[in-house]
Every structure is written in structure tokens, then in C-alpha cells.
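[1] Mind folding the following:
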Amino acid sequence: MAAPTMRCCLKRVLVQRPSHLFSGTDCHSSVVPCFGHLQITSRYYAKKQSMAKPKKRTLEPRINRILRLAPPLPSEPKDDVYLTWCYQRPIYEAEVALNMLKKFQQLEFVSPNQPVYAKLALDMALDKKKVVPFVATILFPHCFRESVNKVVVFTENAEEAAFAREYGADFVGATELISPILNGEITADYYVSVPSMLTKLKALRGTLNTKFPKTRSGSVGFDIPQMVNFFRLCHEYVVINDNLIETPIATLDMPNDQILANLDALIKDVCKYKPLHYGPFVTSLILQSLSGEGLLVKVEPFLPKGAVKKKVEKEAEEKAEEKNRDVEEEEMQKAG
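    Model (predicted):
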């Protein structure tokens, strides 16, 4: 009976004063020495796993499927009164469109001396880049502007200065024109210079900005009469919204052949800013008067020759040429 009595007493002692009996073993236990260097985190919760948000279903695939299955719109209406959005937009020949614009002007009783605008949509895509939007100048074959541009010519040669004044330059001089230009006493639309003056005009670069004479823009050269004549009568157009050109090309009271000549010159000049093997640079053309509606016009007759050739055809030709070249080299090696 001694063993049960001893267990009962030990149990009673442990329940009453447990801390005094094991006070020496609380912090100096040899049982867990290997866990002393463990870093116990103070966070008592786990990071919430982010749930992937379900992707919203867009209607674009469904819309594309509907458009693909929908029948094409009819090209010509069968009645005199119809809804325009129910039919394809008509595409006219350029001369037919001009006759329609002139007819609109007569029916609306507006001035015939109103500008005709050409709106061009451009394909700016290249291989890995895009054509940078640009500002260009053109001299139309048939001038329609009543005013001329003001031109300043920089030259130190007395003979060249005399030629510039004879052909209509507004201001002619050398370094003595720098101070009046900086002070705003002399302003002009275009500034023309001979190459030897460029190093002396560096002070004007910040003031003139894009109007500073540049070889690329044709405002630097030795032919003073030609440059003065060009910039006095030239017309400036600019690419807006990354791929659009909207510019006047004539007035409505001009003959159709003159308007078409100006339109052809504009499109040919625009196409210079992109290599022809990439395909047509101008993708659509709209002619519109100041008071009339815009008419969609066929642009293919005005594109330069070779512009309609696709890049794929160009690459196929290059591969065929390389293959023929390899065959010729093999034949030459066998013959040697």
C-alpha cells in the first residue's frame, strides 16, 4: 500500500506548488539545446492567397462572329430615298466627285471661290517601326492662293543678295539680321540660307525652331532664285492624328484638270515618305468643299507606279534572285 500512498501525495504537491519544484529546469533544460537558434516569427496568421480574378467576357468575339456571318451591304440603292447606313458608301472617280461638288455649290447658293480639301488616310506601318509624322512643303502646279509667303534670305554675297531681292525676298542680309529676328522686329514664314552662313546663325536655332534653315527641307542651297521662288509660293501640309492629312488643294471655281493636277502632285509628294515596296502609302481619299459633303474617291489612279506592289512579292523576287545566284555560282564551280 506504500506505492499508491506515495503517488497520491506527489500528485497533491504538484497541484499545489508546481513552480517551486521545477524552477531550475525552466530555462536550463538540456533536452532542447538545438532549438535555441530558431527564429520564431511574431506573425500569428498566414498570408491570404490571392485569388485570380475571373476574366470578364468581352463581346468582341461575338461581334466579330456576327459581322462575319452578316451578309454584305448592297452597293446601290433601288429607290431615290434610302438610309445611307444600309448601303455601302459609294466610291467615285475624281472628276465625277468634282462635278458633284460644283453641283452642290450651285444648289446651295454659296460662293464658288471656296477651297477644295483633300483628306488622305495613310498606312504608316513598316517592318518594326512606323513612319514618323512629318511636315512637308509642296509647290502646286496651279497656284490658288491670293497671298504669298514672307521669305528671309541669309547671304554675304552682294550678287546673291541682288538676285534674292529681284525674285521677291522680303529681307536679305547676313549677321546683321540676327538681332532684329531675336527681338521680334523681323518675322517671316520661311528662312533661306547659303551653306556658308549656317555656322554664323547658331544663335537663331532656338528662336526659329523648325523654321531654321535645313538641307533636308530644301532651305539651304546655292540656287537662291529657285529657293526664293519655291518658298514664296509653296504650300505646307502636316500629318495629324498619326496618319491623316487634310489640306486645301484648289478652289472650286478652278477647272477640273487643274484641280486634278494639284491632287496628283500632292499624292505623289506624300508617297515619297515611304518606300514603294511596302505597298500603297495612301489608303483612302476624300474630296470635300467648304460647304459640301465629303465624297470618297478612288485613289489608285494617283498612286506612283510600283506603289501597289506588295512587300510579299518583293521578298519572293529577292528569294528567287538569291536562288538563281546560288545556281550560277554552283555551275561556275563545276566548270572551274
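[2] Now residue 138: closest residue in space that isn't a chain neighbour?
    In space, not counting the residues next to it along the chain, residue 138 is nearest to residue 269; the distance is 4.8 Å by Cβ to Cβ, 6 or more residues apart in numbering. In short, each C-beta sits where N, CA and C put it, glycine included.
[3] nope, residue 174 is what I meant
    What sits nearest to residue 174 in space, not counting adjacent residues and going by Cβ to Cβ, 6+ apart, is residue 156, at 4.5 Å.
[4] For that neighbour, what are phi and psi?
    As for residue 156, its main-chain torsions (degrees, to the nearest 10) stand at phi -100, psi -10.
[5] Now do it against residue 164, distance only.
    Taking Cβ to Cβ, to the nearest Å as the measure, residue 156 and residue 164 are separated by 12 Å.
[6] who has more neighbours, those two?
    The residue with more neighbours, out of residue 156 and residue 164, is residue 164; 25 against 13, by other Cβ atoms under 10 Å.
[7] pretty sure that one is touching residue 155, no?
    Yes: Residue 164 lies in contact with residue 155 (Cβ atoms under 8 Å); the separation is 6.8 Å.
[8] shared neighbours, those two?
    172, 224 (Cβ atoms under 8 Å, 6 or more residues apart in numbering).
[9] rewinding a little: so the residue nearest to residue 174 touches residue 197, yeah?
    Yes: under the contact definition of Cβ under 8 Å, residue 156 touches residue 197, with a separation of 6.8 Å.
[10] Overlap of the contact sets of those two?
    Taking Cβ under 8 Å, 6+ apart as the contact definition, residue 156 and residue 197 share the neighbouring residues residue 174.
[11] Report the buried residues of the strand or helix carrying residue 266.
    Following DSSP states H and E, the helix or strand that holds residue 266 is helix 256-270. Taking 16 or more other Cβ atoms under 10 Å as the basis for neighbour counts, the residues of helix 256-270 that come out buried are 258-267, 270.
[12] do stretch 285-294 as well
    By neighbour count, with 16+ other Cβ under 10 Å as the criterion, the buried positions of stretch 285-294 are 285-290, 292.
[13] Take the residues you listed and write them to TSV, including pLDDT and secondary structure.
    Supplementary listing: the buried residues of stretch 285-294 in TSV, determined by pLDDT from 0 to 100; DSSP: H, G, I helix; E, B strand; the rest coil:
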residue	pLDDT	secondary structure
285	95	strand
286	96	strand
287	96	strand
288	94	strand
289	92	strand
290	87	coil
292	82	coil
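[14] Let me have these in a markdown table, extended by distance to residue 217.
    As requested, these are arranged in a markdown table below (distance: Cβ to Cβ, whole Å):
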| residue | distance to residue 217 |
| --- | --- |
| 285 | 26 |
| 286 | 28 |
| 287 | 28 |
| 288 | 29 |
| 289 | 31 |
| 290 | 29 |
| 292 | 34 |
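[15] which one among those gets closest to residue 302?
    Checking these against residue 302 with Cβ to Cβ, the nearest one is residue 285 at 7.5 Å.
[16] List the residues that contact the closest one.
    Counting by Cβ under 8 Å, 6+ apart, residue 285 touches 118-121, 267, 296-299, 302.
[17] roughly how far apart are it and residue 254?
    Distance from residue 285 to residue 254, counting by Cβ to Cβ: 18 Å.
[18] Which residues are in contact with residue 211?
    By Cβ under 8 Å, 6+ apart, the contact set of residue 211 is 188-191.
[19] how about 7 Å then?
    The neighbours of residue 211, taking Cβ atoms under 7 Å, 6 or more residues apart in numbering as the test, are 190-191.
[20] Quickly list what residue 152 is bridged to.
    The partner list for residue 152 in beta bridges (DSSP bridges) reads residue 171, residue 191.
[21] So it sits against residue 191, correct?
    Yes: Residue 152 lies in contact with residue 191 (Cβ atoms under 7 Å); the separation is 4.8 Å.
[22] In the stretch 101-250 of the chain, what residue spans correspond to strands?
    Counting by DSSP state E, counting those that start in this stretch, the stretch 101-250 of the chain has these strands, from start to end: 115-122, 135-138, 151-154, 171-173, 190-193, 235-240, 244-251.
[23] quick one: average confidence on the fourth one?
    So that's strand 171-173. The pLDDT scores in strand 171-173 average 93.
[24] okay, and for this structure, where does confidence drop off?
    1-70, 307-319, 322-323, 325-336 (pLDDT under 70).
[25] list the contacts for the residue positioned nearest the centre of it?
    Within the chain, one residue has its C-alpha closest to the average C-alpha position: by Cα atoms, centre = their mean, that is residue 242, at 3.2 Å. Residues counted as contacts of residue 242 (Cβ under 7 Å, 6+ apart) are 124, 133.
[26] how many other residues sit next to residue 177?
    Residue 177: 19 surrounding residues under other Cβ under 10 Å.
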